[in-house]
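Chemist: give me the fold of what follows.
(2 chains)
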2 protein chains.
Amino acid sequence: MPIIQSVKGTRDFYPEQKAFQNWLYAQVRAVSERFGYQEWEAPYLEYLDLYAAKSGEELVKEQAFVLTDRGGRVLALRPELTPSLARMIAQRAGEMTWPARWYSFGPFWRYEQPQRGRTREFFQWNIDLLGLDGVRADAEIIAVGAAFLKAAGLTAQAVTINVNNRRFTQAKLKELGVPDGAIASCFGLIDKRPKMQPSAWEAYARELGLTGEQIKAMQALLEDREAWRGFEPLEQLFESLEALGAADMVVFDPTVVRGLLYYTGTVFEANDTAGEYRAIFGGGRYDNLVADVGGDPVTAVGFAMGDVVVELVMEKYGSRPVLPASKSQVLVTLFDDALYPQTAALAAELRQAGLNVELYLENDKFKKQFRFAERKDIPVVAILGGDELKAGQVALKRLSTGEQIAVARGEAAAQIRAWLP
Amino acid sequence: MPIIQSVKGTRDFYPEQKAFQNWLYAQVRAVSERFGYQEWEAPYLEYLDLYAAKSGEELVKEQAFVLTDRGGRVLALRPELTPSLARMIAQRAGEMTWPARWYSFGPFWRYEQPQRGRTREFFQWNIDLLGLDGVRADAEIIAVGAAFLKAAGLTAQAVTINVNNRRFTQAKLKELGVPDGAIASCFGLIDKRPKMQPSAWEAYARELGLTGEQIKAMQALLEDREAWRGFEPLEQLFESLEALGAADMVVFDPTVVRGLLYYTGTVFEANDTAGEYRAIFGGGRYDNLVADVGGDPVTAVGFAMGDVVVELVMEKYGSRPVLPASKSQVLVTLFDDALYPQTAALAAELRQAGLNVELYLENDKFKKQFRFAERKDIPVVAILGGDELKAGQVALKRLSTGEQIAVARGEAAAQIRAWLP
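Modeler: Predicted coordinates for the structure are as follows:
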């Protein structure tokens, strides 16, 4: 019988992969809490209706994993978090302490073609500052992103956070004579540019009704890295980032508009400078979303970061840590099968003393027991033979040096601890 | 427009609920690693086929959340972890270091009627010892469960771990003259007994072909708490538990057989002694499962614990901890809007020093800023006015005592740390 396969686009986390995910989550948690954010989590299943309003057609109609429950209601495995955030905030609006700083780290699902840097089941860090408008809030959220990149060992040479403001782009498009009704399509046009051939892109722009002159002016705008000067919200944003010590990683980029429809002001994404990968994280200000799911208006700014691209970028720049897959600190060997009860009691004592203890349960050759400790990188081995038992002692061996000593039973835990790496 | 509702049987984790879940996960992690177990995780989506083999008909046909992907394949949101474990072990059998001690903590879905102690989307701790047979391994897994209950503040007065062995029950049923073909149905009969009226249960037993005499003998067996004496695997199990210091919570219970079909030996579950709730955790030995999904045979013992019942039991016995929803250690207030850049720089400095710092971004009345710190239980407030700035100082206020002092800027972090609870 063949082994049943895993589902395409999902990942198996063996202990070595899980160790990295735990490390990543620990960085996310530390950085979020360093800025005063509280952890929360939404359900993984929501009614499809929740996304229909605002997530953008592609995300809902083409990418959501959808199922019908036994009552005939249509559910979705969440493709993004923000609509759930809006729902939960709307439910509790009266009891909230404003502003709210919230983050979470959990699974999401999108039916996309799996490829390098993209899976169908993935984890995402979401972080949002709710109930504050103004670019100071935007700057804080971007500073959180910059602090994370530093914690991940990524420098401004490897990664930049590229910032724009949709209102800036909108004002510029208006200056070019683009009618109000075509602005949203123009955002889509700008968003799709990196993924299209220049000629195809121009043809698409003409389809949207832009003139040759407008297209040229738009192209010039998208290449002008100084265009932000004089646009006050962007000038204040960069001043705030300077004060927060986060400016070194942040650059203005007029090509960034973000795909989702609900952004209303500042938008940004972190990219590797070589342009090899998709965005590490992306986000912006979305001031209308909570009202869109039925609550009172709440201003908000936030971003989301998947767990797949960041790992690839860290690998590329050599900052992905090598982590132990086992946290065991001592292997209590079974020297004599007849002494199993006493050996088990020793393991229990060492656990009581706060050590992570693996107990060898089988009457195997001693060499095999040591090989097990070596393969699992357990730094210390404890041995309880008849002589040690009589003398009230334990023999301890430090595997990195080969050093072996006998210590009084009551001092074993302290000696093991002294030997830990 | 009404607020879109959450899906029935799912839970919203606001920061206070998430804080408890994090606490629970931290206990799970600490106890698992104390015994040498490594964390891993499986996908949340699997092909339905994976469960069809062995999970029991009810779990698959009636309780699985099922969806069809765009390629027409039938997927399930995982209703349990063990089939994924078997799949992943089978895939890597040649590279594994045996025995393997693995645990995980993640979401599961079952379409059951939501009620107190039961949700449709829930989290589960799974822990398994793979590649070892014998009751020493069974005893270790049970000792892990006992260590968790102690970490959760639950005593032997509140909770017991009730143990049986399916081979013991099988031998007893054979002694009663139950034919081999009816043994599996008899396990089902025993499993359903607590949920049925005695008369309905007897009628069901007769339907299965049991005689009145056999039913009486079976009832006597299910009430005999001393019946394990003389059955060697159970005697050895209790000796092992004694050696591991875990015997005080464990009792023999012939009524425990566990519902899932794949258990082959020791079975157990943890129950509140008042019998008010469903099992806190349950598990046992399952030696055939890996081979059933297409791998080489691997012996295994493990258990699973949901996150819902344990919280209710902890609440009942007063051991559920009260946890802070915010981890912020200091609020940097905005004393003077003109000093926002300098105030932001102070926040950045304190973060650099390793403190969790919330920065007040709005030009609100000072009283409002203090009320914010109080509502969020932030222990220290920092104030940077023009005078402090000139003097190179920061004013700090400890909210629990009202104490306020001015310190040199470079000493602010140390002073805040000294005031933390």
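Chemist: count the residues that sit near A:Ser199.
Modeler: Around A:Ser199 sit 8 other residues, with neighbours defined as other Cβ atoms under 10 Å in any protein chain shown. Where C-beta positions appear, they are placed from N, C-alpha and C, glycine not excepted.
Chemist: before we move on, which element is it in?
Modeler: Secondary structure from DSSP states H and E places A:Ser199 in helix A:198-207.
Chemist: and the next helix or strand past that helix?
Modeler: With DSSP H and E, the next secondary element past helix A:198-207 is helix A:212-222.
Chemist: and the stretch 201-350 of chain A, which of its residues are near chain B?
Modeler: A:239-240, A:242-246, A:293-295, A:325-328, A:331, A:340-342, A:344-345, A:347-348 (Cβ under 8 Å from any Cβ of the partner chain).
Chemist: burial of the residue nearest to A:Ala100 when sequence neighbours are not counted, as a residue count?
Modeler: In space, A:Ala100 comes closest to A:Leu130 once its chain neighbours are excluded; the distance is 4.4 Å by Cβ to Cβ, 6 or more residues apart in numbering or on different chains. When neighbours are defined as other Cβ under 10 Å, A:Leu130 has 20 of them.
Chemist: who's in contact with A:Leu130?
Modeler: When the contact criterion is Cβ atoms under 8 Å, 6 or more residues apart in numbering or on different chains, the partners of A:Leu130 are A:Leu85, A:Ile89, A:Trp98, A:Pro99, A:Ala100, A:Arg101, A:Trp102, A:Val290, A:Val298, A:Thr299, A:Ala300.
Chemist: in terms of contact, does the last one touch A:Arg285 like I think?
Modeler: Yes. A:Ala300 is in contact with A:Arg285 according to Cβ atoms under 8 Å; the separation is 7.0 Å.
Chemist: tell me which of the two has more neighbours.
Modeler: The residue with more neighbours, out of A:Ala300 and A:Arg285 and counting by other Cβ under 10 Å, is A:Ala300; that gives 29 against 26.
Chemist: pLDDT at the more buried one, what is it?
Modeler: Note for A:Ala300: predicted pLDDT of 94.
Chemist: can you name the residues that contact it?
Modeler: Each residue near A:Ala300 by Cβ under 8 Å, 6+ apart is listed here: A:Leu85, A:Asp128, A:Leu129, A:Leu130, A:Gly131, A:Arg285, A:Tyr286, A:Asp287, A:Leu289, A:Val290.
Chemist: rerun that using 10 Å as the cut-off
Modeler: Counting by Cβ atoms under 10 Å, 6 or more residues apart in numbering or on different chains, A:Ala300 touches A:82, A:85-86, A:89, A:99-100, A:102, A:128-133, A:137, A:141, A:262, A:264, A:284-290.
Chemist: mark which of those residues are buried, thanks.
Modeler: With neighbours counted using 16 or more other Cβ atoms under 10 Å in any protein chain shown, these contain these buried positions: A:82, A:85-86, A:89, A:99-100, A:102, A:128-133, A:137, A:141, A:262, A:264, A:284-290.
Chemist: in strands, which of the residues of the stretch 201-350 of chain A next to chain B appear?
Modeler: Among those, the members found in strands (DSSP state E) are A:Leu331.
Chemist: of the residues of the stretch 201-350 of chain A next to chain B, grab the buried ones for PyMOL.
Modeler: Of these, the buried ones go into a single PyMOL selection, burial set by 16+ other Cβ under 10 Å:
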select buried, chain A and resi 239+240+242+243+244+245+246+293+294+295+325+326+327+328+331+340+344+345+347+348
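Chemist: looking at the residues of the stretch 201-350 of chain A next to chain B, which are in helices?
Modeler: Of the positions in these, A:Glu239, A:Ser240, A:Glu242, A:Ala243, A:Tyr340, A:Pro341, A:Gln342, A:Ala344, A:Ala345, A:Ala347, A:Ala348 sit in helices, assigned by DSSP state H.
Chemist: so the last one sits right up against B:Ser240, yeah?
Modeler: In other words, A:Ala348. No. With contacts counted by Cβ atoms under 10 Å, A:Ala348 stays clear of B:Ser240, the gap being 11.0 Å.
Chemist: give me the common contacts of these two.
Modeler: By the contact definition Cβ under 10 Å, 6+ apart, A:Ala348 and B:Ser240 are jointly contacted by B:Ala143, B:Ala246.
Chemist: A:Arg87 sits in which helix or strand?
Modeler: Assigning secondary structure by DSSP H and E places A:Arg87 in helix A:82-92.
Chemist: dump stretch A:232-242 to PDB, keeping only the CA atoms.
Modeler: The C-alpha coordinates for stretch A:232-242 follow below in PDB (Å, rounded to 0.1, in the frame of the first residue of the first chain):
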ATOM      1  CA  GLU A 232       3.100  66.700   3.900                       C
ATOM      2  CA  PRO A 233       1.900  63.300   5.200                       C
ATOM      3  CA  LEU A 234       5.000  61.600   3.600                       C
ATOM      4  CA  GLU A 235       7.400  64.300   4.900                       C
ATOM      5  CA  GLN A 236       5.900  63.900   8.500                       C
ATOM      6  CA  LEU A 237       6.100  60.100   8.100                       C
ATOM      7  CA  PHE A 238       9.800  60.200   7.400                       C
ATOM      8  CA  GLU A 239      10.400  62.600  10.300                       C
ATOM      9  CA  SER A 240       8.600  60.200  12.700                       C
ATOM     10  CA  LEU A 241      10.600  57.300  11.400                       C
ATOM     11  CA  GLU A 242      13.700  59.300  12.100                       C
END
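Chemist: what does the helix holding A:Ser199 contact?
Modeler: Counting contacts by Cβ under 10 Å, 6+ apart, the residues outside helix A:198-207 that touch it are A:185-186, A:188-190, A:192-197, A:210-212, A:214-216, A:218-219.
Chemist: mind checking pLDDT for the residue lying closest to A:Met96 once chain neighbours are set aside?
Modeler: What sits nearest to A:Met96 in space, not counting adjacent residues and going by Cβ to Cβ, 6+ apart, is A:Ile89, at 6.9 Å. According to the model's per-residue confidence, A:Ile89 sits at a pLDDT of 91.
Chemist: A:Ile89 reaches A:Asp128, doesn't it?
Modeler: Yes. Because the distance of 9.2 Å satisfies Cβ under 10 Å, A:Ile89 is recorded as touching A:Asp128.
Chemist: in the stretch 251-400 of chain A, which residue sits nearest chain B?
Modeler: In the stretch 251-400 of chain A, no residue comes nearer to chain B than A:Glu358, which is 3.1 Å away by Cβ to the nearest Cβ.
Chemist: looks to me like that residue is in a helix.
Modeler: No. Using DSSP: H, G, I helix; E, B strand; the rest coil, the secondary structure at A:Glu358 is strand, not a helix.
Chemist: for it, name its beta-bridge partners.
Modeler: A:Glu358 has these beta-bridge partners by DSSP bridges: A:Leu331.
Chemist: so, low pLDDT: which residues of the stretch 51-200 of chain A?
Modeler: Counting by pLDDT under 70, the low-confidence segments of the stretch 51-200 of chain A come to A:53-58.
Chemist: give me the neighbour count for A:Ile143.
Modeler: Just so we're on the same page, residue A:143 is Ala rather than Ile. 27.
Chemist: show me what contacts it?
Modeler: Each residue near A:Ala143 by Cβ under 10 Å, 6+ apart is listed here: A:31, A:35, A:161, A:240-241, A:243-247, A:249-250, B:344, B:347-348, B:351, B:359.
Chemist: any idea which helix or strand carries it?
Modeler: helix A:135-151.
Chemist: how far is the helix or strand that comes right after that helix from where the chain is centred?
Modeler: Towards the C-terminus, the helix or strand next in line after helix A:135-151, according to DSSP H and E, is strand A:159-165. Offset of strand A:159-165 from its chain centre (Cα atoms, centre = their mean, to the nearest Å): 18 Å.
Chemist: thanks a lot, catch you later.
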